[in-house]
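**Q** Pasting the sequence and the predicted model now:
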Amino acid sequence: MTQIWLLELLKGTGKLFLHPLFYGCFLMAAALGVSRVKRERKNFHVRAQDAYFELRQLLPLGGLVGLALSVAAIGAGMVIPFAALLLVCAVALLAMLTLQVKLLSPAFTVGVAFFLLVFTAGRGGELPLIGAAFSSLDTAVFPSLAILLALLLIGESVLIGKNATKGTSPKLVKSKRGQTVGVHEVKRLWLVPVFLLIPGSAIESIFPWWPTFSLGEQAFSLLLVPFPIGIHQQVQGLLPKEAITITARRVLLLAILVLAVSAAGYWYPIASIVAVALAMIGRESITMSQKIKEANLAFYFSKKNNGIMILGIIPGSPAEKMGLTVGELVSKVNGIAVRDEEQLYEALQYNRAHCKLEVIDTNGQIRFAQRALFEGDHHELGILFVQDEKKWGNAAV
């Protein structure tokens, strides 16, 4: 039995490279990286993270989350109909074509596929090539799909809380009063490969060559499905980490609620529909409530009278090595009070070999940071800050 499972795991892993979503995720992540770098260069004349940053975020944590979800799904004996996975794949690919990362939340990709499955169940004969996958569906498959959605939402909350807070992108925008202010934006995509049990009879009717194995009197196949999960959030009134952490907690609470309701679907089929609808409405409500809350807050990253607000830090720069962080205020440079970029530059010229900063941290406490400066250090300190529109080309010091 152990050899059968190991063999199926190896076969399922190999077929991951045949899945269109696998390549679609890499293409979309690359497009996100290029788009971000272009915008950052327009705003600051320098990019914060390189264009490969989004690609590097695809799998490490997503793979671990996928492994945990695989253990949970297989351990619980969940069997997902092959027709449902076909629909999820189709919905996710269509969402990718829009380049709207927020549509790749499992609440929408799995949710839309769920309701399409409700309407197409029993009408498989009308569908070319894949009609056989739909012909034998009944309401018994819906609870497992609803629970899968809840598990993926739990995975989404972990990804948001652990990864989306890293490398948020600084951005310059105009306030309603026409002033240039700063915001932080995260457009992140993760690839979460999950092993799922699917009925062997369903896939054999479409792909007779697909390997299956038997447990008792039933045949199953193990399939590794690459679920894309994405988030798009813009933060203006809070520190990026604080705002994104709040979103992660809300998604987790929603996931727990959806899981509880969907579990009731094994006894009351209508509960599965309620759970999926709750997931879709709840996930969109989280996004909208965050936008409304942000709109009612003052811009966190704006010009201050007591120093220069740090909007971003260039990786590997002297500023990062001095421990400066986003949201802090640089009040003095080499003992000279600074209020804008010109004063900051002049203070740096006062002693080009050494830099001593007086910084007001995010708790309002004063601390000092200092470091020797060497020839070739990237963009002097490597601080990105809010600039007037006419100076956007030199918004890094």
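**A** That came through fine.
**Q** Every contact and neighbour count from this point should use C-alpha atoms.
**A** Noted.
**Q** ok, the nearest residue to residue 239 once chain neighbours are set aside - contacts?
**A** Distances taken as CA to CA, 6 or more residues apart in numbering put residue 327 closest to residue 239, at 6.6 Å, once the chain neighbours are dropped. When contacts are counted by CA atoms under 8 Å, 6 or more residues apart in numbering, residue 327 touches 239, 300-301, 309-311, 361-362.
**Q** Three-state assignment for residue 327, please.
**A** Three-state call for residue 327 (DSSP: H, G, I helix; E, B strand; the rest coil): coil.
**Q** got the phi/psi numbers for it?
**A** phi 100, psi -10 (degrees, to the nearest 10).
**Q** roughly how far apart are it and residue 245?
**A** 16 Å (CA to CA, to the nearest Å).
**Q** want to try CSV for the contacts of residue 327, with distance to residue 26 as columns?
**A** Converted to CSV, the contacts of residue 327 look like this (distance: CA to CA, whole Å):
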residue, distance to residue 26
239, 29
300, 33
301, 32
309, 35
310, 32
311, 29
361, 37
362, 36
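**Q** Buried members of those residues into ChimeraX, please.
**A** In ChimeraX syntax, the buried subset of the contacts of residue 327 is picked out as below (16 or more other CA atoms under 10 Å):
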select :239,300,301,309,310,311,361
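**Q** closest to residue 338 among the contacts of residue 327?
**A** The closest of these to residue 338 turns out to be residue 309 (CA to CA; 10.8 Å).
**Q** can you give me the strands for the protein?
**A** Secondary structure of the chain (DSSP state E): strands at 169-174, 180-199, 213-215, 218-235, 308-309, 312-313, 329-333, 336-337, 354-360, 366-372, 383-384.
**Q** least reliable of the ones you listed going by mean pLDDT?
**A** Mean pLDDT per stretch puts strand 213-215 lowest among these, at a mean of 51.
**Q** how close does the residue of the chain most remote from its centre get to residue 358?
**A** Largest separation from the mean C-alpha position in the chain: residue 350, at 43.2 Å (CA atoms, centre = their mean). Residue 350 sits 15 Å away from residue 358, going by CA to CA.
**Q** Kindly report the same for residue 74.
**A** Distance of residue 74 to residue 358, given as CA to CA: 55 Å.
**Q** quick one, which of those two is more surrounded?
**A** Neighbours were counted for residue 74 and for residue 358 using other CA atoms under 10 Å; residue 358 has more, 20 against 15.
**Q** For that one, give me its contacts.
**A** 330-333, 335, 366-369.
**Q** One more pass at 6 Å, please.
**A** Contact analysis of residue 358 by CA atoms under 6 Å, 6 or more residues apart in numbering lists 331-332, 367-368.
**Q** Kindly reformat the residues you listed as TSV and extend each row with distance to residue 170 and neighbour count.
**A** Shown next, in TSV, are the contacts of residue 358 (distance: CA to CA, whole Å; neighbours: other CA atoms under 10 Å):
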residue	distance to residue 170	neighbour count
331	21	23
332	23	22
367	24	11
368	24	15
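**Q** With respect to residue 66, which of the contacts of residue 327 is nearest?
**A** residue 239 (29.1 Å).
**Q** And that closest one, how close does it get to residue 343?
**A** With distances taken as CA to CA, residue 239 is found 25 Å from residue 343.
**Q** now do residue 186
**A** Per CA to CA, residue 186 is found 31 Å from residue 343.
**Q** Residue 165 too?
**A** 31 Å.
**Q** One more: residue 249?
**A** 41 Å.
**Q** repeat for residue 175
**A** 25 Å.
**Q** between these two, which one's more packed in?
**A** residue 343 (16 against 13).
**Q** What count of nearby residues applies to the closest residue to that one other than its chain neighbours?
**A** Spatial nearest neighbour of residue 343, chain neighbours left out: residue 337 (7.9 Å); criterion: CA to CA, 6+ apart. Neighbour count for residue 337, taken as other CA under 10 Å: 18.
**Q** now do residue 314
**A** Quick note: residue 314 (other CA under 10 Å) scores 20 neighbours.
**Q** quick one, phi/psi of it?
**A** The phi/psi pair for residue 314 (degrees, to the nearest 10) is phi -80, psi 130.
**Q** I am finished for the moment; much appreciated.
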